[in-house]
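Chemist: compute the structure for the input listed below.
(chains A, B, C and D)
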2 protein chains.
Amino acid sequence: MHTNESSENYLEVILVLSKTRPVVRSVDVAEELGFKKSSVSVAMKHLRERNHITVTKEGYIYLTEDGKAIAEMIYERHQFLSDWLVTLGVSKEIADEDACRIEHVISKESFEALKKQMI
Amino acid sequence: MHTNESSENYLEVILVLSKTRPVVRSVDVAEELGFKKSSVSVAMKHLRERNHITVTKEGYIYLTEDGKAIAEMIYERHQFLSDWLVTLGVSKEIADEDACRIEHVISKESFEALKKQMI
DNA sequence: CCTGTAGGTTAGTATATGCTAACCTACAGA
DNA sequence: TCTGTAGGTTAGCATATACTAACCTACAGG
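Modeler: This is a model prediction of the structure:
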């Protein structure tokens, strides 16, 4: 279940998009991230190869068990870190940007410790 | 004064090493980071080109004003983030590793907000 | 004097990422 | 029917980083 920061981001975006629309396609991911469709195409190929997603012949992207686990972990971190920064007085936008970077590098231990403190 | 994560790390290490020894050389940096001397050599070339360091003909590395400013900012973040995580109950080792990654991605705003909360 | 070692550099390799350009397929609509 | 557009793929480029291999210089010590 090894991943890179970029893969984690793609998986998270797929999860988020799937919450608000019936199906997620490469173009949707590209638009959301502001990336070119070719970049997303290559990234999806990698995610397929690593069994993090499956793609139907119509181009609909679905998270596998593995992919979903990663996506949900990252998404939870994102939500939590963003909210936490906002409680510290950081603006919503900056909090979101920072959460988006910190979520990929913080350890499980530190994240859990932070959650515990916030209860 | 533009930098990458890797450059920031090198500058921080140079600063830290200079606190405990009279001079800092490429090999010292390589040993500290666990990198090969060739990698450090190339990195030092980039830091020279961007005027973040100067290197004497003996191979002694010194931070420029710019380089020192970056190094000290990152070092302050490192210290603070590491201490903060330890107060949350994270082990010294993990806190240090996490600080080392978060220090490069957290925004000025968030860092200041966190500092304020810790007073 | 001569050789081995320390410190440094350069060239070329590899991975991760995103980009542009060119191309393909399928389908909607004049 | 014919064409334009949407969605997707592939090839090749560019940057950031670290690595291995090969080489150079200088100096210590037999």
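Chemist: all helices of chain A, in order?
Modeler: Applying DSSP state H to chain A gives helices spanning A:5-20, A:26-33, A:37-49, A:65-87, A:92-102, A:108-118.
Chemist: how about stretch A:105-112: buried residues?
Modeler: By 16 or more other C-beta atoms under 10 Å in any protein chain shown, the buried positions in stretch A:105-112 come out as A:105, A:106, A:107, A:109, A:110, A:111. All C-beta atoms are positioned from the backbone trio N, CA, C, and that covers glycine.
Chemist: quick one: residues contacting residue A:11.
Modeler: Residue A:11 makes contacts with A:3, A:47, A:52, A:53, A:63, A:67, A:70, A:71, A:74, as judged by C-beta atoms under 8 Å, 6 or more residues apart in numbering or on different chains.
Chemist: not counting sequence-adjacent ones, nearest residue to it?
Modeler: residue A:71 (4.0 Å; C-beta to C-beta, 6 or more residues apart in numbering or on different chains).
Chemist: now do the nearest residue to residue A:36 once chain neighbours are set aside, the pLDDT please.
Modeler: Closest residue in space to residue A:36, ignoring its immediate chain neighbours: residue A:30 at 6.5 Å, by C-beta to C-beta, 6+ apart. Note for residue A:30: predicted pLDDT of 97.
Chemist: tell me who's in contact with residue A:30.
Modeler: Counting by C-beta under 8 Å, 6+ apart, residue A:30 makes contact with A:36, A:37, A:39, A:40.
Chemist: again, 7 Å this time
Modeler: A:36, A:37, A:40 (C-beta atoms under 7 Å, 6 or more residues apart in numbering or on different chains).
Chemist: drop anything exposed from these.
Modeler: Taking 16+ other C-beta under 10 Å as the criterion, what is buried in the contacts of residue A:30 is residue A:40.
Chemist: closest to DNA strand C among the contacts of residue A:30?
Modeler: Taking C-beta to the nearest atom of the strand as the measure, DNA strand C lies nearest residue A:36 of those, at 3.7 Å.
Chemist: and the closest one, backbone torsions?
Modeler: Phi and psi for residue A:36, reported as degrees, to the nearest 10, are phi -80, psi 150.
Chemist: picking that back up, farthest pair in the buried residues of stretch A:105-112?
Modeler: A:105 and A:109 (12.8 Å; C-beta to C-beta).
Chemist: tell me how far residue A:59 lies from residue A:29.
Modeler: Noted for residue A:59: a distance of 11 Å to residue A:29, by C-beta to C-beta, to the nearest Å.
Chemist: give me the more crowded residue out of these two.
Modeler: residue A:29 (23 against 13; other C-beta atoms under 10 Å in any protein chain shown).
Chemist: so who does the closest residue to the more buried one other than its chain neighbours touch?
Modeler: Here the nearest residue to residue A:29 in space, its sequence neighbours aside, is residue A:40; by C-beta to C-beta, 6+ apart that works out to 5.1 Å. For residue A:40, the contact set (C-beta under 7 Å, 6+ apart) comprises A:26, A:29, A:30.
Chemist: how does chain A divide into domains?
Modeler: Chain A breaks down into these domains under automatic domain parsing: A:5-69, A:73-118.
Chemist: no further questions, thank you.
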